[in-house]
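Student: 3D, please:
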Amino acid sequence: YFTLPNKVKFTALLYQLSKDKVPPLVTIHYVDTNYLNVSKVLSFRRFHGRHFGQRVRNHLVRIVKKFQLESKIVAIVSDNGGDMHFATQYPEMFGVRLHCLAHALNLTVTNGLQL
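Tutor: Numbers count the residues shown, from 1 in each chain. The predicted model follows:
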């Protein structure tokens, strides 16, 4: 693995690969001792079936525990979808929930251009 600082930002984003539910990409971001931004992919897993939000939440909790991030996460960034909103509503584990601005901007432009 790698050495982590005391505080990290946690992200859980969905990428539309098809009409089906898509795998959430779980990453962390932090500033290292040389003041450089560092990003690491922790997980990329596909989920099938119902109760997607609950299963994603369970997976995120497993990732947090696997990498011992329980006391290090200050915020989680996710898209604005209902499943991800449900999955990340756990402030004791994930810190403050933030919306992904890039995702919101993409939806706005796509809807505005009717793509």
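Student: for this protein, which helix is longest?
Tutor: The single longest helix within the chain, with elements called by DSSP state H, is helix 52-66.
Student: what segments of this structure are helices?
Tutor: 52-66, 82-87, 91-94, 101-113.
Student: who are the packing partners of the longest helix of the chain?
Tutor: strand 8-14, strand 24-31, strand 37-44, helix 82-87, helix 91-94 (3 or more C-beta pairs under 8 Å, 6 or more residues apart in numbering; DSSP states H and E). All C-beta atoms are positioned from the backbone trio N, CA, C, and that covers glycine.
Student: if I look at the most centrally placed residue in the chain, how far off is residue 33?
Tutor: Taking C-alpha atoms, centre = their mean, the centroid of the chain lies closest to residue 12, which sits 1.1 Å from it. Distance, residue 12 to residue 33, using C-beta to C-beta, to the nearest Å: 26 Å.
Student: any low-confidence regions in this structure?
Tutor: Applying pLDDT under 70 to the chain flags residues 1-3, 13-23, 49, 115.
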